[in-house]
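S.K.: When you get a sec, could you give me coordinates for this:
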Amino acid sequence: MRCMNSHTAEELNGFQTGFTVRPAHVVAAASSDDVIAAVRHAAAERLPVTVQATGHGLPGPVEGGVLVSTRRMDRVSVDPVERTARVQAGVRWSQVVEAAAPHGLAPLNGSAPGVGAVSYTLGGGLGILAREFGYAADHVRSLDVVTADGRLRQVTRDSAPDLYGALLGAGHGLGVVTELEIGLVPVRTLYGGSLAFDGRQVDPAAALRAYEAWTRTVPDGLTSSFAAVPYPDLPALPPHLRGRYVLSVRVAYTGADGERLVAPLRETGPVLADSLREMPYTESHTIHSDPDFPHAYYGDSAVLSELDVSRAAEVLGRTGPDAGAMVVVQINHLGGALARPAPNSVPWREGRFLVRLLTMADRQKARRILDPAFALLAPVTLGRAVNFAFGAGDRSEGFYDDVTRKRLAGLKSQYDPASLFPDHVSGFSG
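M.R.: Below you'll find the model as predicted:
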């Protein structure tokens with residue numbers, strides 16, 4: 001363990017650059033023993049403890065406390081017979097994908113390969129094959145966690161069902177998870193990619209209406225999302241994106257009839273770009289082609305009971321090219337295996353769609369744009385998604401239903417009565 005009070009940029013600078021992190025102590029952990037030592041020291045000094053894994057998310061309230069950096073804990077091991085992988089706290093999804101692929105297996109990772117596998121899973125984990133296999137949290141076999149008493153516990157559904165269920169979906173305030181054993185799925189290839197349209201040639205409301213109608217026709221095994229992005233006119237962008245308002249549908253499907261299923265989408269209008277194809281799973285990150293460079297951003301999410309197309313179309317109008325800032329809109333189709341009950345704390349499984357709004361504007365300007373947009377969706381909003389509170393984790397309302405929230409509060413009192421781990425949610429994206 002290295003304790004670096006100089007606050008080196010290597011430890012503090014992550015993917016999210018829009019927020020300043022000022023801990024009193026930074027611990028560069030290389031093992032579970034280092035995490036144990038850090039937690040025990042913090043408890044003795046009555047200092048709060050937060051965690052920075054790969055830096056995609058935020059570590060939460062850490063002013064004057066101890067920040068444990070786990071990025072050096074990056075070991076992955078795959079058991080092809082049991083179809084499992086053990087991943088340490090600093091592992092990124094790209095590492096797990098590459099380790100599992102030679103065995104014809106795949107993890108339930110998200111769209112961005114640089115996101116941390118453990119933190120993503122603790123927040124639920126809505127992956128590119130989510131409607132077929134469910135949340136990543138649903139496939140966790142065991143967790144190694146250092147709790148506030150400085151003990152390293154291996155937690156399974158059988159050994160400690162309450163703690164197991166709380167950590168998966170709400171593990172942010174109960175300890176430092178140092179390793180997971182996760183289930184893998186037998187997937188080598190998939191049909192996927194993106195179908196894009198010019199939002200000035202195709203009416204955004206009509207495109208959204210077509211997408212919502214199409215989702216009613218597809219099988220549970222097909223996972224998709226609708227996105228609307230007003231790209232700036234920058235030389236660094238591909239020519240087909242520069243200065244355009246791009247509407248796109250992203251698809252991931254392991255069945256053999258993918259081309260037939262997406263055919264109705266091609267009738268939406270003139271196609272700007274088409275990357276739909278059969279691909280090895282190791283290329284699945286190209287479906288969304290998320291930016292891989294650090295930048296500042298702010299946003300939030302809403303899980304919807306249904307997609308009210310009229311209200312959602314108004315959201316597109318408020319967040320489009322005339323919004324005053326670049327706002328990325330993504331609408332994920334839920335249901336399928338995501339609706340199945342599981343012994344964890346991932347909420348709102350009855351939701352049919354997830355809306356995410358994200359902007360590179362500062363927090364104040366972002367709230368002026370995003371709050372009215374989310375207000376439009378309020379009549380059909382069930383709650384918010386923990387993994388997609390992009391800097392908005394300072395507001396905790398809406399993350400859990402009343403029953404789950406009370407249960408988690410009881411477990412917090414049991415495992416962390418002194419609140420050594422601040423009860424935050426903003427670091428889950430990895």
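S.K.: In contact with residue 207, which residues are there?
M.R.: 197, 199, 226, 247, 268, 269 (C-beta atoms under 8 Å, 6 or more residues apart in numbering). Glycine gets a C-beta too; all of them are placed from N, C-alpha and C.
S.K.: How much space separates the residue nearest to residue 65 when sequence neighbours are not counted from residue 247?
M.R.: Take residue 65 and drop its neighbours on the chain: the residue closest to it by C-beta to C-beta, 6 or more residues apart in numbering is residue 48, 3.7 Å away. Computed as C-beta to C-beta, to the nearest Å, the residue 48 to residue 247 distance reads 43 Å.
S.K.: Check residue 74 too.
M.R.: On the measure of C-beta to C-beta, residue 74 and residue 247 end up 37 Å apart.
S.K.: ok, these two, which is more surrounded?
M.R.: Legend: neighbour count by other C-beta atoms under 10 Å for residue 74 and residue 247, higher for residue 247 (28 against 17).
S.K.: Which stretches in the stretch 301-430 of the chain count as helices?
M.R.: Using DSSP state H, counting those that start in this stretch, the helices found in the stretch 301-430 of the chain span residues 309-319, 363-377, 402-415.
S.K.: Which two of the contacts of residue 207 have the greatest separation?
M.R.: 226 and 269 (13.9 Å; C-beta to C-beta).
S.K.: In a helix, residue 11, correct?
M.R.: Yes - the assignment for residue 11 is a helix, going by DSSP: H, G, I helix; E, B strand; the rest coil.
S.K.: Dump the contacts of residue 207 to JSON lines, plus secondary structure, distance to residue 167 and pLDDT.
M.R.: As requested, those are exported to JSON lines (DSSP: H, G, I helix; E, B strand; the rest coil; distance: C-beta to C-beta, whole Å; pLDDT from 0 to 100):
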{"residue": "197", "secondary structure": "strand", "distance to residue 167": "41", "pLDDT": "97"}
{"residue": "199", "secondary structure": "coil", "distance to residue 167": "41", "pLDDT": "97"}
{"residue": "226", "secondary structure": "strand", "distance to residue 167": "32", "pLDDT": "98"}
{"residue": "247", "secondary structure": "strand", "distance to residue 167": "38", "pLDDT": "98"}
{"residue": "268", "secondary structure": "helix", "distance to residue 167": "42", "pLDDT": "96"}
{"residue": "269", "secondary structure": "coil", "distance to residue 167": "45", "pLDDT": "96"}
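S.K.: could these be laid out in TSV, adding distance to residue 186?
M.R.: Converted to TSV, the contacts of residue 207 look like this (distance: C-beta to C-beta, whole Å):
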residue	distance to residue 186
197	34
199	38
226	29
247	34
268	33
269	37
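S.K.: nearest to residue 212, of these?
M.R.: For the contacts of residue 207, the nearest to residue 212 is residue 226 (8.2 Å; C-beta to C-beta).
S.K.: Roughly how far does the closest one sit from residue 195?
M.R.: Residue 226 is 10 Å from residue 195, by C-beta to C-beta.
S.K.: residues shared between the contacts of these two?
M.R.: Listed as contacting both residue 226 and residue 195 by C-beta under 8 Å, 6+ apart are 248, 249.
S.K.: between residue 226 and residue 269, who's got more neighbours?
M.R.: Remark: of residue 226 and residue 269, residue 226 carries more neighbours, 26 against 16, as counted by other C-beta under 10 Å.
S.K.: got the residue ranges for the strands in the stretch 151-300 of the chain?
M.R.: Ranges of strands in the stretch 151-300 of the chain, per DSSP state E, counting those that start in this stretch, are 152-156, 176-183, 189-198, 223-230, 245-253, 271-274, 277-280, 298-304.
S.K.: Tell me how many other residues crowd residue 279.
M.R.: For residue 279, using other C-beta under 10 Å, the count is 17.
S.K.: my read: it touches residue 187, true?
M.R.: No - assessed by C-beta atoms under 8 Å, residue 279 is found out of contact with residue 187, at 11.3 Å.
S.K.: Excluding covalently adjacent residues, which one is nearest to residue 103?
M.R.: residue 80 (3.8 Å).
S.K.: Residue ranges in the stretch 51-200 of the chain under the pLDDT threshold?
M.R.: Scanning the stretch 51-200 of the chain for pLDDT under 70 picks out the ranges 54-61, 171-172.
S.K.: now do 90
M.R.: 51-64, 170-173 (pLDDT under 90).
S.K.: All the helices of it, residue numbers only.
M.R.: Under the criterion DSSP H, counting those that start in this stretch, the stretch 51-200 of the chain contains helices at 93-100, 117-122, 130-133, 161-170.
S.K.: most neighbours per residue, which of those helices?
M.R.: The highest mean neighbour count among these, using mean count of other C-beta atoms under 10 Å, belongs to helix 117-122: a mean of 30.
S.K.: Now do residue 295, the pLDDT please.
M.R.: Model confidence at residue 295, given as pLDDT, is 73.
S.K.: Now do it against residue 93, distance only.
M.R.: Going from residue 295 to residue 93 by C-beta to C-beta gives 19 Å.
S.K.: again with residue 47
M.R.: On the measure of C-beta to C-beta, residue 47 and residue 93 end up 31 Å apart.
S.K.: How about residue 125?
M.R.: From residue 125 across to residue 93, the span is 10 Å (C-beta to C-beta).
S.K.: what sits in contact with each of the two?
M.R.: residue 110.
S.K.: First-to-last residue distance for stretch 280-300?
M.R.: 32 Å (C-alpha to C-alpha, to the nearest Å).
S.K.: Show me which residues of stretch 335-345 are buried.
M.R.: Buried positions in stretch 335-345, judged by neighbour count with 16 or more other C-beta atoms under 10 Å: 335, 336, 337, 338, 342, 344, 345.
S.K.: List just the nearest of those residues to residue 321.
M.R.: Nearest to residue 321 among those, with distances taken as C-beta to C-beta, is residue 335, at 31.0 Å.
S.K.: Distance check, that closest one against residue 305.
M.R.: 11 Å.
S.K.: Now do the shared contacts for these two.
M.R.: Residues touching both residue 335 and residue 305 (C-beta under 8 Å, 6+ apart) are residue 352.
S.K.: And stretch 179-194, what's buried?
M.R.: 179-185, 187, 190-194.
S.K.: typo on my end, it should be stretch 406-424
M.R.: 407, 408, 411, 412, 415, 416, 420, 421, 422, 423, 424.
S.K.: which residues touch it?
M.R.: 39, 42-43, 46, 48-50, 60-62, 65, 147-148, 162-163, 166, 170, 172-176, 345, 393-394, 396, 400.
S.K.: and if you look at stretch 92-108?
M.R.: 54, 74, 76-78, 80, 83, 85, 87, 109-110, 112-117, 120, 125, 127, 129-130, 133-136, 139, 182, 184-188, 280-282, 284-285, 430.
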